[in-house]
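> here is a sequence with its predicted model. Questions after.
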Amino acid sequence: MAENRKYDLVVYGATGFTGQLVAEYLAKNYADPSSLVWAIAARSKDKLESIKSKMAIPSHIPSLVADSDNLDSLESMVKSTRVVLTTVGPYQKYGNELVALCAELGTDYVDLCGEPAWMHTMINKHQTAAENSGARIVFSCGFDSIPFDLGVYFLQNHIKSKTGDMASVVKGRVRGMKGTFSGGTAASLKATMAAAKADKKVMQVLMNPFSLAPGFMGPEQPLGNKPIFEEEFNSWSAPFIMAAINTRNIHRSNYLLGHAYGENFIYDEMMFTGPGDKGEAIANAVASDKSMSGDKGPKPGEGPNKDEREAGFFDAIFAAQVDGKPYIASVKGSMDPGYGSTSKMISESAICLVKDNLAVTGGIWTTAPAMGDKLISRLIKKAGMSFTIEKD
């Protein structure tokens with residue numbers, strides 16, 4: 001674990017759309033150097049200085065030049081800080097060297113990755129190095145997959161406190177959402193699909209729900225790829241685009257928690273579209289929507305304006321039954337998921353690594369086993385999120 005570094009935290013990719021929002025959030029909440037020593041980094045010094053002016057970032061916040069094409073500049077940045085927060089994706093294109101350096105040099109790392117095949121490769125390549133150096137590398141610290149990973153964790157811990165056991169089946173359902181997915185998410189999806197088309201092994205990883213749990217294969221999981229009517233919720237449910245990454249991360253969390261949810265744990269994730277003919281029609285429309293993978297989707301660097309971000313929200317529930325008794329938890333966010341809430345989630349994840357006394361040591365982690373209750377507390381206090389038991 002990195003100690004005695006110049007900075008607690010460096011935001012890498014601070015000139016990008018999401019990176020700017022992260023820098024703005026930190027400037028509003030952690031401007032005092034006595035609370036957090038941080039810097040911003042990107043390829044262009046001039047753009048960094050422009051961002052500082054645009055986002056009202058204090059002049060004492062340093063601007064560092066770092067470029068994924070320049071290994072020396074990356075290494076200098078990684079050596080200078082305890083945690084790297086990177087928004088520079090797609091990570092399969094721009095993240096390889098950064099993860100390798102953090103794992104080697106004992107620098108903690110958080111990102112917004114929703115690329116399971118790349119994460120699978122990084123785990124295989126760098127898990128041992130991260131364990132040896134003390135680097136805590138935590139993928140998927142935004143809308144994918146924090147609300148879902150921590151939502152399952154929150155529900156399971158509540159059930160255990162009531163029953164002494166955990167649920168073997170949990171259903172994650174997006175109950176409501178307003179906002180856009182990020183251009184980075186769209187770019188990552190396209191890059192992943194292109195990699196899968198070029199390499200059958202990548203497709204095999206993508207199709208395996210336990211691809212991030214090395215050496216483990218659990219029970220068959222629901223595909224969640226077709227609209228269904230669910231009597232227990234009185235609603236049609238449609239495929240949810242983030243399920244492909246969220247499910248993998250949740251199974252990795254279970255694996256890293258020593259299979260606390262059980263070796264036969266089943267989890268699936270969809271989104272409600274409502275009852276009746278209208279709900280069915282919406283579910284079918286969602287299932288046939290290919291806009292995220294097409295040319296009409298959001299572009300990296302683009303995003304909603306401030307009013308649109310603040311008008312957004314998300315609301316997800318997690319449902320289980322133990323001994324015939326239903327349990328439901330909800331996780332909600334008060335800004336649009338792809339940008340406003342995500343920028344807060346990744347910021348607080350990085351600060352959790354810096355400030356909180358966590359039990360985990362070096363390795364490649366997910367948020368639930370790495371930060372768990374301490375991150376939940378931060379997200380409630382700082383990030384406009386709620387974690388609530390709705391039925392027990």
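Yep, that arrived.
> so residue 260 makes contact with residue 168?
No - proximity of residue 260 to residue 168 does not meet the contact threshold set by C-beta atoms under 8 Å, at 11.6 Å. Placement of C-beta: from N, CA and C, glycine included.
> and the residue lying closest to residue 225 once chain neighbours are set aside, what does it touch?
Closest residue to residue 225 apart from its sequence neighbours, by C-beta to C-beta, 6 or more residues apart in numbering: residue 239 at 5.2 Å. Contact analysis of residue 239 by C-beta atoms under 8 Å, 6 or more residues apart in numbering lists 224, 225, 226, 227, 270, 271, 286, 287.
> so what sits opposite residue 239 in the bridge?
Bridge pairing for residue 239 (DSSP bridges) gives the partners residue 270.
> how far is stretch 208-228 from where the chain is centred?
Relative to its parent chain, stretch 208-228 has a centroid offset of 19 Å by C-alpha atoms, centre = their mean, to the nearest Å.
> what does stretch 106-120 give?
9 Å.
> likewise stretch 104-116?
That offset, for stretch 104-116, works out to 11 Å (C-alpha atoms, centre = their mean).
> now do it: distance from first to last residue.
Distance across stretch 104-116, first residue to last, is 22 Å (C-alpha to C-alpha, to the nearest Å).
> quick one: average pLDDT of it?
Averaging pLDDT along stretch 104-116 gives 96.
> now it: buried residues?
For stretch 104-116, the neighbour count (16 or more other C-beta atoms under 10 Å) marks 104-116 as buried.
> quick one: which of those residues sit in helices?
Where the buried residues of stretch 104-116 overlap with helices, as defined by DSSP state H, the overlap consists of 104, 105, 116.
> with distance to residue 98 added, can I get those residues in CSV?
As requested, these are exported to CSV (distance: C-beta to C-beta, whole Å):
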residue, distance to residue 98
104, 11
105, 11
116, 18
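> of those residues, just say which sits nearest to residue 312.
Relative to residue 312, the closest of those is residue 116; by C-beta to C-beta it sits at 25.4 Å.
> quick one: that closest one and residue 248 touch, right?
Yes - taking C-beta under 8 Å as the definition, residue 116 is a contact partner of residue 248 at 4.7 Å.
> residues near residue 377, how many?
The number of residues packed near residue 377 is 15, by other C-beta atoms under 10 Å.
> so which bits of the helix or strand it falls within are buried?
Taking DSSP states H and E as the definition, one finds residue 377 inside helix 372-382. By neighbour count on 16+ other C-beta under 10 Å, the buried set for helix 372-382 is 372, 374, 375, 376, 378, 379, 382.
> hmm, the last one is touching residue 348, no?
Yes - using C-beta under 8 Å, residue 382 is in contact with residue 348, at 5.5 Å.
> can you pull out the strands in the chain?
Assignment of strands within the chain using DSSP state E yields the ranges 7-12, 38-42, 63-65, 81-86, 108-110, 136-138, 169-178, 228-230, 235-239, 266-274, 313-322, 325-333, 363-365, 385-391.
> how about these in JSON lines, adding distance to residue 32?
Formatted as JSON lines, the strands of the chain follow (distance: least, C-beta to C-beta, whole Å):
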{"stretch": "strand 7-12", "distance to residue 32": "12"}
{"stretch": "strand 38-42", "distance to residue 32": "11"}
{"stretch": "strand 63-65", "distance to residue 32": "19"}
{"stretch": "strand 81-86", "distance to residue 32": "17"}
{"stretch": "strand 108-110", "distance to residue 32": "21"}
{"stretch": "strand 136-138", "distance to residue 32": "25"}
{"stretch": "strand 169-178", "distance to residue 32": "33"}
{"stretch": "strand 228-230", "distance to residue 32": "49"}
{"stretch": "strand 235-239", "distance to residue 32": "45"}
{"stretch": "strand 266-274", "distance to residue 32": "39"}
{"stretch": "strand 313-322", "distance to residue 32": "30"}
{"stretch": "strand 325-333", "distance to residue 32": "26"}
{"stretch": "strand 363-365", "distance to residue 32": "29"}
{"stretch": "strand 385-391", "distance to residue 32": "24"}
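> how far off centre is the helix or strand bottoming out on mean pLDDT in the chain?
Every helix and strand of the chain was ranked by mean pLDDT, DSSP states H and E. The lowest is helix 183-198, at a mean of 76. Between the centre of helix 183-198 and the centre of its host chain there is 17 Å, according to C-alpha atoms, centre = their mean.
> and it, which residues are buried?
For helix 183-198, a neighbour-count test (16+ other C-beta under 10 Å) marks 183, 184, 185, 186, 187, 188, 189, 190, 191, 192, 195, 196 as buried.
> return the member of those residues nearest to residue 254.
Using C-beta to C-beta, these come closest to residue 254 at residue 192, 22.9 Å.
> now the closest one: how far from residue 132?
The gap separating residue 192 from residue 132 is 29 Å, by C-beta to C-beta, to the nearest Å.
> which stretch among the strands of the chain comes nearest residue 252?
Of all the strands of the chain, strand 363-365 sits nearest to residue 252, with 8.6 Å by C-beta to C-beta.
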